[in-house]
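J.: Generate a structure from the sequence data that follows.
(one chain, ligands or ions: 1)
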Amino acid sequence: MFKPDLFKGKRFLVTGGGTGLGRMMMEKFVELGADCVICGRRGGVLEETAAQVMAKNPGRRVDVHSVDIRVATAVEEMIERIWATGPLDGLVNNAAGNFISQTKDLSPRAFDAIANIVLHGTFYMTNACGKRWIAEKRKASVLSILTTWVWTGSPFVVPSAMSKAGVAVMTQSLAVEWARHGIRLNAIAPGPFPTEGAWARLNPLKEDDDNRYSTRNPMGRVGRPSELANMAAFLMSEEVEYINGEVIAIDGAMGLMGNGTFSSMMAYSEADWQRIREQIQSANASDKAKRS
Ligand code: HXC
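T.: Residues are numbered from 1 along each chain as shown. Here you go, the predicted structure:
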């Protein structure tokens with residue numbers, strides 16, 4: 001289905017599309033024929049990205065808007081300006097904020113700094129687009145980028161986990177409420193995909209990050225950006241429009257491993273396993289001896 005004109009005639013907005021995962025998804029949409037709009041707080045970064053992507057994809061347009069999605073009036077004004085140049089067919093809620101901290105050390109402002117971006121900002125964006133799509137009877141797709149913490153919670157990133165769980169519930173709720181208007185909503189829950197912005201805040205001690213995932217991820221590696229971009233293109237495509245209200249993990253099964261009682265044993269060596277086997281066998285043998 002990834003034919004070069006998959007998104008011909010479509011126009012998607014990617015929040016936080018100037019860098020990282022947002023940029024990667026946007027580039028994939030453009031490669032597949034879409035025009036895109038990217039927004040973020042840093043105008044210069046957006047301009048540079050847009051220029052690079054347009055130079056690589058002649059005939060395609062990437063428009064940019066500086067905005068802080070925490071400010072509802074700014075979101076509404078931006079969406080109005082975008083619509084003045086033509087309607088959107090899709091929205092990717094990718095912009096986020098997060099940092100690692102012990103929860104007891106968070107001030108109310110620290111909580112708000114994350115929740116205002118992830119929970120409030122995502123809602124402002126989604127509703128500003130949604131009400132226009134409904135008024136115009138226009139089919140559309142919304143994709144939100146979450147994490148597997150929406151199912152398990154996560155220590156040390158509580159404001160993010162809470163806010164993203166809220167967006168997961170928004171996805172499910174609006175998938176039902178807006179289905180009759182031709183609007184569908186889905187979400188991706190990525191595992192570790194190293195990007196500059198996230199890694200500076202989530203791996204501040206610069207641990208040997210990629211090696212960590214050789215034991216902590218069942219597939220022994222972090223995600224490849226192209227895998228996330230492919231997943232996003234798949235879900236945004238009308239070829240799969242019956243998928244609605246889903247949150248789909250792309251994490252090499254890392255989220256599931258975290259739940260397993262014995263998951264930490266993924267780090268055991270062959271010698272460890274041999275020792276374990278011998279210990280269990282010797283316990284079995286002594287039980288047997290007692291029974292006979
Ligand atoms: C404790 C902290 C803190 C920290 C900030 N604060 N950093 N508290 N530990 N490390 C507190 C401040 O002291 C302040 O509270 C309040 O938070 C607001 O801080 P500001 O710096 O004024 O906030 P602001 O300028 O609005 O910046 C927002 C931000 C910033 C979220 C803190 O990091 C940001 O702009 N991030 C956007 C990009 C981003 O985070 N990308 C990563 C997303 S990764 P007081 O009370 O002192 O005033 C992601 C999931 C990845 O979302 C999943 C990977 C598996």
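J.: all contacts plus neighbour counts: C-alpha atoms, from now on.
T.: OK.
J.: Give me the distance between the two termini of stretch 58-71.
T.: End-to-end distance of stretch 58-71 (Cα to Cα, to the nearest Å): 34 Å.
J.: where does the residue nearest to residue 165 when sequence neighbours are not counted fall, phi/psi-wise?
T.: Distance criterion Cα to Cα, 6 or more residues apart in numbering; nearest residue to residue 165, sequence neighbours excluded, is residue 150 at 4.5 Å. Main-chain dihedrals, residue 150, degrees, to the nearest 10: phi -70, psi -20.
J.: Now do residue 200, the pLDDT please.
T.: Predicted confidence (pLDDT) for residue 200: 73.
J.: any idea how far it lies from residue 100?
T.: For residue 200, the distance to residue 100 - Cα to Cα - is 10 Å.
J.: and if you look at residue 107?
T.: Using Cα to Cα, residue 107 is found at 13 Å from residue 100.
J.: give me the number of residues near the closest residue to the ligand within the stretch 151-292 of the chain?
T.: Closest residue of the stretch 151-292 of the chain to the ligand, Cα to the nearest ligand atom: residue 198 (3.7 Å). Neighbours of residue 198 under the rule other Cα atoms under 10 Å: 18.
J.: hang on, it in a strand?
T.: No - applying DSSP: H, G, I helix; E, B strand; the rest coil, one finds residue 198 to be helix, outside a strand.
J.: list the contacts for it?
T.: Applying Cα atoms under 8 Å, 6 or more residues apart in numbering, we find residue 198 in contact with residue 98.
J.: What's the first helix or strand after the lowest-mean-pLDDT helix or strand in the chain?
T.: Least confident helix or strand of the chain, by mean pLDDT, DSSP states H and E, is helix 209-216 with a mean of 68. Per DSSP states H and E, helix 209-216 leads on to helix 225-236 as the next helix or strand towards the C-terminus.
J.: And that next one, what does it pack against?
T.: helix 20-31, strand 140-145, strand 183-190 (3 or more Cα pairs under 8 Å, 6 or more residues apart in numbering; DSSP states H and E).
J.: then the last one to CSV, C-alphas only?
T.: It refers to strand 183-190. Extracted as CSV, the C-alpha positions of strand 183-190 are listed here (Å, rounded to 0.1, in the frame of the first residue of the first chain):
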residue,chain,number,x,y,z
ILE,A,183,-13.3,11.1,11.5
ARG,A,184,-11.2,8.3,13.0
LEU,A,185,-8.7,8.5,15.8
ASN,A,186,-5.9,6.1,16.5
ALA,A,187,-2.7,6.2,18.5
ILE,A,188,0.8,4.7,18.5
ALA,A,189,2.6,3.7,21.7
PRO,A,190,6.3,3.7,20.7
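J.: And the ligand, is it touching that?
T.: No - for strand 183-190, no contact with the ligand is found by Cα under 6 Å from any ligand atom; the gap never falls below 6.7 Å.
J.: Fine by me, we can end here.
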